[in-house]
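[1] Provided below are the primary sequence and the corresponding predicted coordinates.
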Amino acid sequence: MFDLTAIHFMPNISRMLAASTDNMEGLDASSSQTQEEKPAKPRIWLGVKKGLQAAKDAIENKDLTLAEKLLREVIEFAPAEPEAWHILAAVLNRQGQVDEAKICLRRVIKLKETNIELQTDLPVSKRMAKLLWTQNEQAAALTMLAELLLDIAGDTELLELQQTWTATT
């Protein structure tokens, strides 16, 4: 089993993560999950990085309810993100929801054991670039657009999009 306290964030988060395994006997990846709630669908998704940062900010402001909501939104769209599960476990543990926190920690362990890594060679598309742009991930959107232009050098729509985006950054 790996050390769950090795992750260092901001002061409150690191304390919460360190405490997230307190009083959680019987924690192992093979235990069955007793219940899983379906998180509410978010109206506007911030993206993984911004969602995690917003949740960390909420924790720093001692708003655990908001942090939980934001983390559940991240998990809905990125269920293989172990950091989100780990922080959610700490938040739930702090709120006294120990059983659900254990479920989240089991998920972290399982994700770490299976070593799920995001592929960096994701297929590129104009639609994906636009989605990244709307999620305020301009650098990734511009990179994807540049890759598209390498494949389709004379596409006027892509060139216009690139000019527009470059002008706004």
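    Yep, it's here. Numbering: from 1, shown residues only.

[2] for the protein, give me the ranges with low pLDDT.
    1-46, 115-124, 153 (pLDDT under 70).

[3] could you redo the last one with a cut-off of 90?
    1-51, 73-82, 107-169 (pLDDT under 90).

[4] which residues in this protein form helices?
    With helices called from DSSP state H, the chain shows them at 11-19, 48-60, 64-77, 82-94, 98-114, 126-134, 138-151, 156-168.

[5] OK, contacts around residue 132?
    Contact partners of residue 132, counting by Cβ atoms under 8 Å, 6 or more residues apart in numbering, are 138, 140-141, 144. Every C-beta, even on glycine, is put in place using the N, C-alpha and C of the backbone.

[6] okay if I get the residues you listed as a markdown table plus distance to residue 108?
    Listed next are these as a markdown table, based on distance: Cβ to Cβ, whole Å:
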| residue | distance to residue 108 |
| --- | --- |
| 138 | 30 |
| 140 | 25 |
| 141 | 30 |
| 144 | 30 |
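
[7] before we move on, the earlier item: which one of the helices of the chain is the most hemmed in?
    helix 82-94 (a mean of 24; mean count of other Cβ atoms under 10 Å).

[8] roughly how far apart are the residue nearest to residue 89 when sequence neighbours are not counted and residue 93?
    Using Cβ to Cβ, 6 or more residues apart in numbering and skipping residues adjacent in sequence, the residue nearest residue 89 is residue 104, 3.7 Å away. To residue 93, residue 104 is 9 Å away according to Cβ to Cβ, to the nearest Å.

[9] repeat that for residue 114.
    Between residue 114 and residue 93 the distance is 23 Å, computed by Cβ to Cβ.

[10] before we move on, what about residue 59?
    The gap separating residue 59 from residue 93 is 12 Å, by Cβ to Cβ.

[11] same question, residue 84
    15 Å.

[12] cool, and residue 128?
    Distance, residue 128 to residue 93, by Cβ to Cβ: 36 Å.
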